[in-house]
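Asker: Fold the following.
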Amino acid sequence: MSTSPRRFTSGQHPRSDQPWPATPLQPFANARLLLAENAIPGDTTSAVVAAHVLECSLSRQRYISAKENGPGVDTGDFTYSGTICRATRLPPHPGAIWLSSTLSWQQNGRRVASGASTVVAPCEGLIWLGDLSLLNPAAAADVDPYAQHTAFVVLEFGADYGSGGIGALVQPLIGERVFGTLKPNRLI
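Answerer: Predicted structure coming up:
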């Protein structure tokens, strides 16, 4: 049966409640994000109710100059875009365990939801951008002398696709999109 490109068909595809399979980008993951889930979604000043660890395949997009800065993006930041490879939800303020090589993962390809809530953008946290194969069970951040360990702000999840429509088809295959800023000038 042929389908006209003008006919909307994504709503006709069955949605599976099964866990997403491992993404093909997992071998290329190069970053771990530790992000705060706030009591008031999107309000980074409200109480932290959970921590989310996202292992991602990220690539740098651009350097932010003084003429391009704005909300969530400061002069000297670098924007990064990529996909979530796997994720887990931890109690608030989990310490260094988020960098452990033995961390238990709960979800492939997208953020973990507990009930009807998950971490949403904008959200703040930390990034460890480096060779993930060097991480050890002791969760030592200094195992890769070339890694960047600094502040990170997620500005958008599901960028380019969103959660429905083509996003419902593409994201289970490659992972949920994530876009944010690495803040090398912010103390952690």
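
Asker: Kindly state the beta-bridge partners for the closest residue in space to residue 21 that isn't next to it in sequence.
Answerer: Closest residue to residue 21 apart from its sequence neighbours, by C-beta to C-beta, 6 or more residues apart in numbering: residue 108 at 6.2 Å. For glycine as for every other residue, the C-beta is placed from the backbone atoms N, C-alpha and C. Note on residue 108: beta-bridge partners residue 86, judged by DSSP bridges.

Asker: Just give me the neighbour total for residue 108.
Answerer: Neighbour count of residue 108, defined by other C-beta atoms under 10 Å: 18.

Asker: Please tell me I have it right and it contacts residue 24.
Answerer: No: using C-beta atoms under 8 Å, residue 108 is not in contact with residue 24, being 10.8 Å away.

Asker: count of neighbours near residue 44?
Answerer: Quick note: residue 44 (other C-beta under 10 Å) scores 14 neighbours.

Asker: What distance do you get for it to residue 139?
Answerer: Here the criterion is C-beta to C-beta, to the nearest Å. By it, residue 44 lies 25 Å from residue 139.

Asker: chain center to the strand or helix carrying residue 53: distance?
Answerer: Per DSSP states H and E, residue 53 falls inside strand 48-63. Remark: strand 48-63 is offset 4 Å from the chain centroid, using C-alpha atoms, centre = their mean, to the nearest Å.

Asker: next one: stretch 55-68
Answerer: 14 Å.

Asker: hmm, who's touching that stretch?
Answerer: 25-26, 28-33, 73-87, 105, 129, 132, 175, 178, 181-182 (C-beta atoms under 8 Å, 6 or more residues apart in numbering).

Asker: Pull the number of nearby residues for the residue lying closest to residue 160 once chain neighbours are set aside.
Answerer: Closest residue in space to residue 160, ignoring its immediate chain neighbours: residue 177 at 5.6 Å, by C-beta to C-beta, 6+ apart. Residues contacting residue 177 under the criterion other C-beta under 10 Å number 21.

Asker: and residue 122, how far is that from residue 55?
Answerer: Separation of residue 122 from residue 55 (C-beta to C-beta): 20 Å.

Asker: Looking at those two, which has the bigger crowd around it?
Answerer: More crowded of residue 122 and residue 55, by other C-beta under 10 Å: residue 55, with 23 against 17.

Asker: and the more buried one, bridged to which residues?
Answerer: Beta bridges link residue 55 to residue 32, residue 86, judged by DSSP bridges.

Asker: all numbers from here: first residue = 407
Answerer: Renumbered: residue one is now 407, and that last one reads residue 461.
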